[in-house]
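> Generate coordinates for the sequence data below:
(one chain, ligands or ions: 3)
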Amino acid sequence: MATLYYDDDADLTRIQQRTVAVLGYGSQGHAHARNLAESGVPVVVGLPEGSRSRERAREAGLEVASTREAAERGDVVVVLLPDTVQPEVFERDVRPGLAPGNALVFGHGFNIHYNQIVPPADVNVFMIAPKGPGHIVRRTYTEGTGVPALLAVHQDPTGDTHELGRAYARALGATRAGLIETTFAEETETDLFGEQAVLCGGVSSLVEKAFETLTEAGYQPEVAYFEVLHELKLIVDLFYEGGLSRMRYSVSDTAEFGDYHSGPYIVDGTVKERMREALTAIQDGSFARTWILENQAGQPGFQAMRRRHAEHPIEEVGRGLRGMMPFLPQPGED
Ligand code: NDP
Ligand code: MG
Ligand code: MG
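Ligands and ions are numbered 1, 2, ... in the order given. Model (predicted):
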């Protein structure tokens, strides 16, 4: 079982005594910066000149500096930039400002685990990865609760990185819900596997193939869209609230019987074998290498796949149908 930490396991003063530089003010960055500041931690937000996020950070009452200056001033430097830009920004703006005994913090383990960022040995490195998007991390904090998070320590030259990490998590609101101990390897590998096998890859592919099966058999695309995509939300909400059992309890007996009868036949042992292959590619670094080289080449394959999948007939029919449902977010609203 996992080791868990709560508010009582964390000494807030350990982080309140440091200056925390939060680099990036996107989904995670805005939540970390605002929650820490409201927990009494001195925060400076680091953003490039001309960044669209600068105004929003200032409006929230936060001090904003250039990435380079913030990294220089921070005793604790939190890297909450898109993972693909982190290595370049780190070498240019962060490394020059790191002093021995400073701490470097990440929200995801990819760049450390796959050696895209190799911090100096005299700097402490840990990860706080909230298990929810930034706006929920922010909203729950203001409501007096929090989102559970993962804590991992990568290197600990000063011997107190774990305590500092727990204090940081408390300032973020995470220890109100529970902080789970992990490693950079476990967080990175399970995160990549989850998004490939189920959350993004597995589910999208299942939906596209089911839609193709129905429409190729002559059923109307509009009807197929509702059955294999739209209704997924109701099912996922039930999973989220009470696991697979809650979904099975809520649906009809016919649907539940069909689940046991056909589910394991459609997603069978061969799928699991390929899941293991995808996991091996994550573990041995070959998936990471493919993605890193793809980025270095300017993302030609990625952009082509993005275009091709955006043109799938299910996307076209979906745009029309969602326009008929005013209760859904409409294009441009967000
Ligand atoms: P976002 O894409 O939301 O944040 C981007 C921020 O970085 C913006 O403020 C943007 O500024 C700035 N930025 C973009 N490019 C550069 C650059 N080249 N130099 C300097 N600043 C730049 O990131 P996320 O919050 O989604 O992700 C941050 C980290 O948190 C990642 O490691 C991610 O894996 C992790 N994470 C994310 C989760 C999430 O819910 N999104 C959940 C858990 C972890 P501008 O406004 O100018 O574009
Ligand atoms: Mg991920
Ligand atoms: Mg049905």
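> Going by C-alpha atoms from here, please, whenever you check contacts or count neighbours.
Will do.
> Need the pLDDT of Asp334.
Looking at Asp334, its pLDDT stands at 59.
> ugh, typo on my part, it should be Ala152
Looking at Ala152, its pLDDT is 98.
> Then Pro329?
Taking Pro329 on its own, its pLDDT is 89.
> So it: helix, strand or coil?
Under DSSP: H, G, I helix; E, B strand; the rest coil, Pro329 falls in the coil class.
> okay, now it: neighbour count?
Neighbours of Pro329 under the rule other Cα atoms under 10 Å: 11.
> just the strands in the stretch 151-300 of the chain please.
For the stretch 151-300 of the chain, applying DSSP state E, counting those that start in this stretch gives strands covering 179-181.
> Kindly provide the distance from the nearest residue to Gly285 once chain neighbours are set aside to Gly165.
Closest residue in space to Gly285, ignoring its immediate chain neighbours: Tyr114 at 7.1 Å, by Cα to Cα, 6 or more residues apart in numbering. Separation of Tyr114 from Gly165 (Cα to Cα, to the nearest Å): 22 Å.
> neighbour count winner among those two?
Gly165 (25 against 18).
> Wait, a strand at Val125?
Yes - using three-state DSSP, the assignment for Val125 is a strand.
> tell me the pLDDT at it?
98.
> before we move on, what about Arg248?
98.
> To what extent is the closest residue to ligand 1 within the stretch 101-250 of the chain buried, counted in neighbours?
Relative to ligand 1, the nearest point of the stretch 101-250 of the chain is Pro133 (3.2 Å; Cα to the nearest ligand atom). For Pro133, the count of nearby residues is 12 (other Cα under 10 Å).
> what does Thr84 give?
Thr84: 15 neighbours (other Cα under 10 Å).
> before we move on, what about Arg276?
If you count neighbours by other Cα under 10 Å, Arg276 ends up with 14.
> Repeat that for the one 5 residues further on.
Other residues lying near Ala281 total 17 when counted by other Cα under 10 Å.
> Over to Gly218?
Neighbours of Gly218 using other Cα under 10 Å come to 9.
> What residues does this structure have near ligand 1?
Within the chain, the positions near ligand 1 by Cα under 6 Å from any ligand atom are 24-29, 47-48, 51-53, 80-83, 85, 107-108, 129-130, 132-134.
> Quick one: buried ones out of those residues?
Neighbour counting by 16 or more other Cα atoms under 10 Å classes 24-29, 47, 53, 80-81, 107-108, 129-130, 134 among these as buried.
> tell me the domain boundaries of this structure?
8-182, 195-324 (the TED database).
> Could you identify which of these is most buried?
Burial of those is given as mean neighbour count (mean count of other Cα atoms under 10 Å); domain 8-182 ranks first at a mean of 20.
> where along the stretch 101-250 of the chain do the helices fall?
Listed in chain order, the helices of the stretch 101-250 of the chain (DSSP state H, counting those that start in this stretch) span 110-113, 134-142, 161-172, 174-177, 184-194, 201-216, 221-225, 232-250.
> can you give me the offset of the longest one from its chain's centre?
Helix 232-250 has its C-alpha centroid displaced from the chain centroid by 22 Å (Cα atoms, centre = their mean, to the nearest Å).
> Just the C-alphas of it, formatted as CSV.
C-alpha atoms of helix 232-250 as CSV (Å, rounded to 0.1, in the frame of the first residue of the first chain):
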residue,chain,number,x,y,z
LEU,A,232,-19.7,7.9,-22.8
LYS,A,233,-19.8,10.8,-20.5
LEU,A,234,-22.7,9.3,-18.5
ILE,A,235,-20.7,6.1,-18.1
VAL,A,236,-17.4,7.8,-17.1
ASP,A,237,-19.2,9.9,-14.6
LEU,A,238,-20.5,6.7,-12.9
PHE,A,239,-17.0,5.2,-13.0
TYR,A,240,-15.7,8.4,-11.3
GLU,A,241,-18.3,8.4,-8.6
GLY,A,242,-18.3,4.8,-7.7
GLY,A,243,-16.1,2.6,-9.8
LEU,A,244,-17.1,0.0,-12.4
SER,A,245,-19.7,-1.4,-10.0
ARG,A,246,-21.7,1.9,-9.9
MET,A,247,-22.0,1.9,-13.7
ARG,A,248,-23.1,-1.7,-13.7
TYR,A,249,-25.6,-1.1,-11.0
SER,A,250,-27.1,1.9,-12.8
